[in-house]
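Novice: mind folding the following:
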Amino acid sequence: MKIFWKYHLREYTFYTFSFFLIFSAIITLVQGIIKLQDFLNFNPPFNVIFQLFILVFFQLLSFIYSLSVFMGVLFAIHRLKYEREVLAFCSLGFSLEDFMKPLLIFSLISLIITFLAHFFLSPWSKRRVKEIQIELVKAQAEKSFPEKRPIALGKDYYLYVRKSDLKDKAHYFKNIFLLKREKEGKKGFFIAQEGSYSPKENIFILIKGWGIFRDPQNNIEVLKFGDYKFKLNTKTFEEEKLYFKRGEKSFTELKEEIEKLKPGTSSYFKYFNEYYQRFFFPLSVLFLAFQAFFLSIYLKTSYRFLLFFIGIAAFLIFFIFYNFFSSLGENGKIFPLWSFVIFYFLISISLVFQYVGLKRKRELYL
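Specialist: The predicted structure follows:
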């Protein structure tokens with residue numbers, strides 16, 4: 001029996017680790033590039049970019065590992081089934097319950113790994129990314145703007161200057177090109193000989209220049225000015241992003257925040273949803289492992305590519321329903337605790353039906 005257990009645990013571990021390496025590289029690369037877009041405006045050094053990708057990996061670790069476990073068990077059982085090893089074990093007297101015992105041990109180990117990653121590592125890495133963003137913003141405010149290179153000022157403006165200087169925490173420019181790119185309203189640009197920008201007051205001053213704009217009705221407006229002053233809507237981190245969101249808070253901070261909230265409010269349900277999700281999300285790997293087992297037994301295909309796409313589709317369906325019930329709790333339709341309990345109860349019923357069906361017609365699927 002020990003050899004039987006070790007053999008199955010080795011198969012699950014091998015396939016899970018293989019998929020984990022593949023999914024980690026692909027998903028981290030894609031999500032890292034997307035996340036990097038928020039950092040490019042701050043001209044981050046290479047070590048910060050590298051650190052960002054590592055932190056993105058930590059954020060996604062629980063999800064990547066859950067996916068890897070699902071696909072690993074799916075492919076491990078598929079190999080055992082189509083190489084007639086499952087049938088051989090059954091001929092030797094091994095029951096369906098015997099197959100599930102090593103799977104349960106593997107699932108419990110995976111549950112612990114997923115819990116540690118989701119409960120501790122994911123919030124810490126999200127918070128660390130926010131802290132790096134704040135540090136970059138503060139560092140940029142303390143140094144002069146780059147010359148002869150366009151940079152973003154908030155979401156709506158891009159600045160290009162020939163000469164830049166920093167004096168008394170205020171920026172002074174010469175030969176300015178300022179592009180305004182709002183999604184709605186007027187669009188256009190300023191050209192000025194000189195100008196300045198005060199981060200503290202968030203005021204931009206242009207001296208001796210022109211402004212050319214086009215409104216939504218395609219009317220052209222030309223402005224000539226000697227001294228033009230306006231306030232930039234940059235929404236800096238001090239105004240908007242210094243606040244750590246609920247997913248970036250530690251569990252202790254999350255509990256303290258919940259105690260301050262008024263019951264029945266939107267924030268109350270959102271924070272409680274995050275609170276319970278810290279515990280319930282890791283449970284998904286336990287249910288996914290057994291779902292992969294039954295799916296692999298029920299499927300009658302020898303094509304691994306087809307098996308792969310069916311597995312990905314089944315995994316996505318699982319998390320679509322998970323997010324649906326999670327959103328019910330987050331929006332206050334159901335209390336967050338019950339939204340997760342109902343979801344896993346329904347999944348449990350589905351697994352029981354699959355188990356009973358396989359128990360009755362085992363010979364048909366093996």
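Novice: report the secondary structure state of Leu80.
Specialist: helix (DSSP: H, G, I helix; E, B strand; the rest coil).
Novice: chain neighbours aside, what residue packs nearest to it?
Specialist: In this structure, Leu80 finds its nearest non-sequential neighbour in Val86, 4.9 Å apart by Cβ to Cβ, 6 or more residues apart in numbering. To be clear about C-beta, it is placed using only N, CA and C from the backbone, and glycine gets the same treatment.
Novice: can you list contacts of stretch 177-190?
Specialist: Stretch 177-190 is contacted from outside by 150, 156-161, 176, 191-192, 195, 204, 206, 209-216, 221, 228, using Cβ atoms under 8 Å, 6 or more residues apart in numbering.
Novice: mind redoing it with 10 Å?
Specialist: Applying Cβ atoms under 10 Å, 6 or more residues apart in numbering, the contact partners of stretch 177-190 are 150, 152-153, 155-162, 176, 191-192, 195, 197, 204, 206, 209-216, 219-223, 225, 228, 230, 232-233.
Novice: tell me where this protein is predicted with low confidence.
Specialist: 1, 41, 140-142, 154-155, 182-185, 232-243, 361-366 (pLDDT under 70).
Novice: assign the residue nearest to Ile334 when sequence neighbours are not counted to helix, strand or coil.
Specialist: The shortest distance from Ile334 to any non-neighbouring residue, by Cβ to Cβ, 6+ apart, is to Leu328 (4.7 Å). Put simply, Leu328 is helix when judged by three-state DSSP.
Novice: Leu328 and Phe269: what is the separation?
Specialist: In this view, Leu328 and Phe269 are 10 Å apart by Cβ to Cβ, to the nearest Å.
Novice: close enough to count as contact, Gly247 and Glu257?
Specialist: No. Using Cβ atoms under 10 Å, Gly247 makes no contact with Glu257, being 12.0 Å away.
Novice: quickly list what's touching both of these two.
Specialist: With Cβ under 10 Å, 6+ apart, Gly247 and Glu257 have common neighbours Glu274.
Novice: now do the strands in this protein.
Specialist: Assignment of strands within the chain using DSSP state E yields the ranges 151-153, 157-167, 170-181, 187-198, 203-214, 220-231.
Novice: state the distance from Leu108 to Tyr268.
Specialist: Taking Cβ to Cβ as the measure, Leu108 falls 33 Å from Tyr268.
Novice: returning to what we had before: burial count for the residue nearest to Ile334?
Specialist: 20 (other Cβ atoms under 10 Å).
Novice: same thing with Phe345?
Specialist: 11.
Novice: what residues are up against it?
Specialist: Per Cβ under 10 Å, 6+ apart, neighbours of Phe345: Trp338.
Novice: again, only this time at 7 Å
Specialist: Applying Cβ atoms under 7 Å, 6 or more residues apart in numbering to Phe345 gives no contacts.
Novice: how close does it get to Lys101?
Specialist: Counting by Cβ to Cβ, the gap from Phe345 to Lys101 is 24 Å.
Novice: same question for Phe308.
Specialist: Distance from Phe308 to Lys101, by Cβ to Cβ: 27 Å.
Novice: picking that back up, want to throw the strands of the chain into CSV with mean neighbour count and distance to Ile312?
Specialist: Shown next, in CSV, are the strands of the chain (neighbours: other Cβ atoms under 10 Å; distance: least, Cβ to Cβ, whole Å):
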stretch, mean neighbour count, distance to Ile312
strand 151-153, 17, 36
strand 157-167, 17, 40
strand 170-181, 18, 38
strand 187-198, 18, 42
strand 203-214, 17, 46
strand 220-231, 11, 49
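Novice: can you tell me the closest non-neighbouring residue to the residue sitting furthest away from the middle of the chain?
Specialist: Distance from the C-alpha centroid of the chain, by Cα atoms, centre = their mean, peaks at Gly226 (48.0 Å). Leaving aside its chain neighbours, Gly226 sits nearest to Lys208 (5.9 Å; criterion: Cβ to Cβ, 6+ apart).
Novice: go on, Glu147?
Specialist: That would be Ser164: by Cβ to Cβ, 6+ apart, it lies 5.1 Å from Glu147.
Novice: returning to what we had before: quick one, which of Leu108 and Tyr268 is more surrounded?
Specialist: Set Leu108 next to Tyr268 and count neighbours by other Cβ under 10 Å: Tyr268 wins out with 16 against 13.
Novice: count of neighbours near the residue nearest to the more buried one when sequence neighbours are not counted?
Specialist: In space, and not counting its chain neighbours, Tyr268 is closest to Leu261: 4.4 Å by Cβ to Cβ, 6+ apart. By other Cβ under 10 Å, 15 other residues sit near Leu261.
Novice: which phi and psi does Leu261 have?
Specialist: phi -80, psi 150 (degrees, to the nearest 10).
Novice: distance of the residue farthest from the centre of the chain from Ile205?
Specialist: Distance of Gly226 to Ile205, computed by Cβ to Cβ: 11 Å.
Novice: tell me how far the residue nearest to Glu147 lies from Lys138.
Specialist: 18 Å.
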